[in-house]
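> My questions concern the predicted model and sequence given below.
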Amino acid sequence: MGFVLNVIIQKEENWYVAKCIESNIIAKGKNIEETLNKLKESVHLYFGDDKLNVTQTQVFLTTIEVGTDWEQNVHHYSQSQLLM
């Protein structure tokens, strides 16, 4: 029986950094593939098992930035609705 480790990969300047949420395992590389390969090596070292079967499933998560104008409009809209 296995377990799942969730990983976040972020681009930081010239590197991609992979952070394992559950165990604080971190790896970095010049591209996503290299970063994931280094993370798999780090997982083997962390758990002390060279025969550990590490597979990955890709789930894409992204971020969006919402400007302060949007926040002000939502606040204004909410107040307007209350006045009706």
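Thanks, I have the structure now.

> Go ahead and list the helix or strand containing Glu34.
In this assignment (DSSP states H and E), Glu34 forms part of helix 32-47.

> Mind giving me the packing neighbours of that helix?
Secondary-structure packing of helix 32-47 (3 or more C-beta pairs under 8 Å, 6 or more residues apart in numbering; DSSP states H and E): strand 7-12, strand 15-20, strand 26-29. No exception for glycine: its C-beta is placed from N, CA and C like everyone else's.

> what's the angle between the second one and helix 32-47?
Inter-element angle recorded for strand 15-20 and helix 32-47: 40 degrees (by axes from the mean of the first three to the mean of the last three C-alpha atoms, to 10 degrees).

> Run through who's touching strand 15-20.
With C-beta atoms under 8 Å, 6 or more residues apart in numbering as the test, strand 15-20 has contacts from 5-11, 25-32, 34-36, 38-39, 43.

> Any chance of the helices and strands packed on helix 32-47 in TSV with mean neighbour count as columns?
Below are these laid out as TSV (neighbours: other C-beta atoms under 10 Å):
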stretch	mean neighbour count
strand 7-12	13
strand 15-20	17
strand 26-29	17
